[in-house]
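In: sequence plus predicted model, see below.
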Amino acid sequence: MKTNKIKLCLAFSLLASTVNAASTYTMYDKMDYGFNGCDISWGTLQTGVTEEDMITLAKEVNAFGFTYHPSLKYGKLMVGPYPSGCKSPANESWPLYLSRTRAYKKMDFGFNRCDTDWGPLQSGVTEEDMIALALETNAEGFTYHPMLRYGKVLVGTYPAGCESPANESWPLYLSEIRTYKQMSFGFNRCDVQWGPLQRNVSEADMIKLAEAANAEGFTYHSSLKYGKVLVGAYPMDCQSPANESWPLYLAE
């Protein structure tokens, strides 16, 4: 994994302001807190950039996050992971963007003839080992051969849309990211089950909780900062006026 980390650091120092096609396997959310007093390493200062530029640059190297000042048009990519639980008031730092929690799914297609870059060969590993190694570098994916117990972590982005028959390559695992959209209707009088009440959370926090639980949706009250994750399926034939319940978010 040392080789991967060296490549990541080199990528940070070589980043230019040109923007390439964004990956579809990484997503960043703006946090409602800052990072003042947190132990974080940052890459070189990017000048004259937009928020979209910073998202694209972060995706190119699978950064755990970035900071961006919209008035100055300055930004920096995060090197390494974000220290979990470290928060400051939002006005004590530049705005903070963090990548959504990764979950890896085995694809039904392969990557033969796709322009992909892989890290060192890992031998004697399990699928769980490969997931842990991929999470360690916030990688978009990995390949793993269960019989040989060989694997490689993906370096950089996966070329979206490039597919080959599954039997032409080792099995491919890519980040599975659900997109949650706020509905125009509510769930009053609907037969739905909810998880425990989450207090003092942001919309981004609820998205992460829903993704971690592979949930179909959640409800979130922005003023109260309360939320609940949906348990089970949502009955799509049941809708109420939006103002009769907390806002409802469902996976697209």
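Out: Received, thanks.

In: quick one: neighbours of the closest residue in space to Glu244 that isn't next to it in sequence, just the number.
Out: Counting by CB to CB, 6 or more residues apart in numbering, Glu244 lies nearest to Asn188, which is 3.9 Å off, once chain neighbours are set aside. Where you see a C-beta, it was placed from the backbone N, CA and C, and this is true even at glycine. Residue crowding around Asn188 was assessed by other CB atoms under 10 Å; the count is 15.

In: list the contacts of Asn188.
Out: Neighbouring residues of Asn188 by CB atoms under 8 Å, 6 or more residues apart in numbering: Ser240, Pro241, Glu244, Ser245.

In: please report phi then psi for Leu45.
Out: Dihedral angles of Leu45 (phi, psi; degrees, to the nearest 10) stand at phi -70, psi 130.

In: so it makes contact with Leu72?
Out: No: Leu45 lies out of contact with Leu72 (CB atoms under 8 Å); the separation is 9.9 Å.

In: so where do the helices sit in this protein?
Out: Ranges of helices within the chain are 2-14, 51-60, 127-136, 203-212, based on DSSP state H.

In: which positions within stretch 211-218 qualify as buried?
Out: Under the neighbour-count criterion of 16 or more other CB atoms under 10 Å, stretch 211-218 has Glu211, Ala215, Glu216, Gly217, Phe218 buried.

In: stretch 145-156 too?
Out: Buried, per 16+ other CB under 10 Å, within stretch 145-156: Tyr150, Gly151, Lys152, Val153, Leu154, Val155, Gly156.

In: again, but for stretch 65-78
Out: Using 16+ other CB under 10 Å as the test for burial, stretch 65-78 gives Gly65, Phe66, Thr67, Tyr68, Tyr74, Gly75, Lys76, Leu77, Met78.

In: what's the farthest-apart pair in those?
Out: Gly65 and Tyr74 (15.4 Å; CB to CB).

In: for this protein, what are the low-confidence residue spans?
Out: Filtered on pLDDT under 70, the chain yields the residue ranges 1-24, 177-178.

In: who's sitting farthest from the centroid in it?
Out: Distance from the C-alpha centroid of the chain peaks at Arg189, with 33.3 Å (CA atoms, centre = their mean).

In: that residue contacts Gln239, correct?
Out: No: counting by CB under 8 Å, Arg189 stays clear of Gln239, with 9.9 Å between them.

In: the strands in the stretch 1-150 of the chain, which residues?
Out: Assigned by DSSP state E, counting those that start in this stretch, the strands in the stretch 1-150 of the chain fall at 28-30, 41-42, 46-47, 65-69, 74-79, 96-99, 104-106, 117-118, 122-123, 141-145, 150-155.
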